[in-house]
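Enquirer: What would the 3D arrangement of this be:
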Amino acid sequence: MDFDVIVLGAGIVGVSSALHLQDRGRRVALVDRRGPGEETSFGNAGLVESSSVVPYAFPRDLGTLLRYARNRSTDLYWDYRALPSFAGWLARFWWESSPERLLSAAHDMLPLIRRCVAEHDLLIARAGLANLTKNSGWIEAFRSEPEFERQVKAATQTARTYGLHMTPLDAAALSAREPGLADGFRGALHWLDPKSVVNPGALTKGYARLFEEGGGALLSGEATTLKAEGDAWSVQTSSGKISAKDVVVALGPWSDRIFAPLGYRIPLRAKRGYHMHYAPTKPLLSMPIVDTQHGYVIAPMEGRLRLTTGVEIALRDARPTGVQLARAERTATPTFGLGARLDERPWLGLRPCTPDMRPVIGRAPRHKGLWFSFGHAHHGLTLGPVSGRLLAEMMTGEQPFADAAPFRPERFR
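Expert: Residues are numbered from 1 along each chain as shown. Model (predicted):
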């Protein structure tokens, strides 16, 4: 065999998995049809989110549900043509989002969330990428004073429960902290533990360079050419056919193109989202800021401002709509001083999500040598290195640092 392991997918999850396997003595080939970090890992808000201990859930309050039903909000837009294919998935998502099940999901995810910054820091130091990161945290901003006061109480309890660091900022303190903001926010929560990245795509490419410098093979190829051949798996690449005893499917929202033909019924769906870069017309933000009322993030990215939108429910391959971006711009432009658009067109990305809000990490139950690592939802950048470590420990027989049972593929029947 050419390699010990083939990793399919060169996003942050696949690259991190390849690095951790390489560190444990495995000969690894990393295969993708594009360069590292050029799909979902490229376009996010750049947050390594160690304070998001509770997953993003389906809303349960009637007011939010009615607002979403009208389909005029900024944080969610849905295309009616996609609803039939999403109906069962959304129903399960709603069921999994009950208070008790949501707490169970938070409990299961906590070991990964707690280690996410530390695992990134180890790779950042090895790859010499400190210039791409900031340790200033992020800000959750509120336009309603009653909502701000309510969230301060809830966040204080969350911080105390999970050992997080958070500072409430009233309107005056927020303005002093971020002079580039216009009036409009009544208060904010400054979460201090998270790290932010000023170029997520470059960070993933930097990790991939580290993998290559360690002797790893980065190859261009189409994952759907994967075949089982005796005791091995083979893939066609631009360098010819390669084979390995083990293969990792880390293709994010496209992972179903491998697992579905193999007979696995894993409810993976892609939540779509957009970003656009703008020239700043005010002092540049020092960290990402979430406009909680409207559901978008503004993040400083190497002298530019990146606006990332909320969730669009649409068919994966449907043409871009730009609806959410236009809605967010109306609010964000005066508030954050967005200047001219700097990209030729909006970027469209896909967040790979499961309805129980946990990724799929582990051995495929019916195929020897087949491993999965996908479904990291809104936290792919956050969880890439830590889930790569967990998978590598499982594949090499080490004692996993966290309980991997909640992420097992066979939980979906």
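
Enquirer: bridging residues for residue 5?
Expert: residue 28, residue 246 (DSSP bridges).

Enquirer: Point out where the protein drops to low pLDDT.
Expert: 1 (pLDDT under 70).

Enquirer: Distance-wise, check the residue of it positioned farthest from its centre relative to residue 320.
Expert: The C-alpha centroid of the chain is most remote from residue 230, which lies 35.2 Å away (CA atoms, centre = their mean). Distance, residue 230 to residue 320, using CB to CB, to the nearest Å: 43 Å. Where you see a C-beta, it was placed from the backbone N, CA and C, and this is true even at glycine.

Enquirer: what does residue 254 give?
Expert: 17 Å.

Enquirer: wait, isn't residue 265 in contact with residue 411?
Expert: No: the pair residue 265 / residue 411 is not scored as a contact, 11.5 Å apart, by CB atoms under 8 Å.

Enquirer: neighbour count winner among the two?
Expert: Applying other CB atoms under 10 Å to residue 265 and residue 411 shows that residue 411 carries more neighbours, namely 14 against 10.

Enquirer: Let me see the backbone angles for residue 369.
Expert: With angles defined as degrees, to the nearest 10, residue 369 sits at phi 80, psi 10.

Enquirer: tally of neighbours for it?
Expert: 18.

Enquirer: Let me see the contact set for it.
Expert: Neighbouring residues of residue 369 by CB atoms under 8 Å, 6 or more residues apart in numbering: 231-233, 244-247.

Enquirer: Next: residue 21.
Expert: Taking CB under 8 Å, 6+ apart as the test, what residue 21 contacts is 4-5, 7, 28, 248, 391-392, 395-396.

Enquirer: ok, the nearest residue to residue 75 once chain neighbours are set aside - contacts?
Expert: Closest residue to residue 75 apart from its sequence neighbours, by CB to CB, 6 or more residues apart in numbering: residue 295 at 2.3 Å. Residues near residue 295 by CB under 8 Å, 6+ apart: 73-76, 309-310.

Enquirer: okay, now residue 154: neighbour count?
Expert: Counted with other CB under 10 Å, residue 154 comes out at 10.

Enquirer: Checking it next. Helix, strand or coil?
Expert: helix (DSSP: H, G, I helix; E, B strand; the rest coil).

Enquirer: Tell me, how many residues neighbour the nearest residue to residue 48 once chain neighbours are set aside?
Expert: Using CB to CB, 6+ apart and skipping residues adjacent in sequence, the residue nearest residue 48 is residue 195, 4.1 Å away. Neighbour count of residue 195, defined by other CB under 10 Å: 22.

Enquirer: can you check residue 166 too?
Expert: 18.

Enquirer: And the residue nearest to it when sequence neighbours are not counted, how far from residue 48?
Expert: Excluding its sequence neighbours, the residue lying closest to residue 166 (CB to CB, 6+ apart) is residue 159, at 4.5 Å. Separation of residue 159 from residue 48 (CB to CB): 18 Å.

Enquirer: ditto for residue 392
Expert: In terms of CB to CB, residue 392 sits 19 Å off from residue 48.

Enquirer: Can you show me the helices along the stretch 1-150 of the chain?
Expert: Taking DSSP state H, counting those that start in this stretch as the criterion, the stretch 1-150 of the chain carries its helices at 12-23, 62-70, 83-96, 99-127, 145-162.

Enquirer: Sorry, wrong one. I was asking about the stretch 251-400 of the chain.
Expert: Using DSSP H, counting those that start in this stretch, the helices assigned to the stretch 251-400 of the chain run over residues 256-259, 323-336, 380-395.

Enquirer: Looking at these, which is nearest to residue 187?
Expert: helix 323-336 (14.5 Å; CB to CB).

Enquirer: Residue 193 is in contact with residue 49, isn't it?
Expert: No: using CB under 8 Å, residue 193 is not in contact with residue 49, being 9.2 Å away.

Enquirer: returning to what we had before: residue 254 and residue 320: which is more packed in?
Expert: Taking other CB under 10 Å, residue 254 and residue 320 do not tie; residue 254 has more neighbours (22 against 14).
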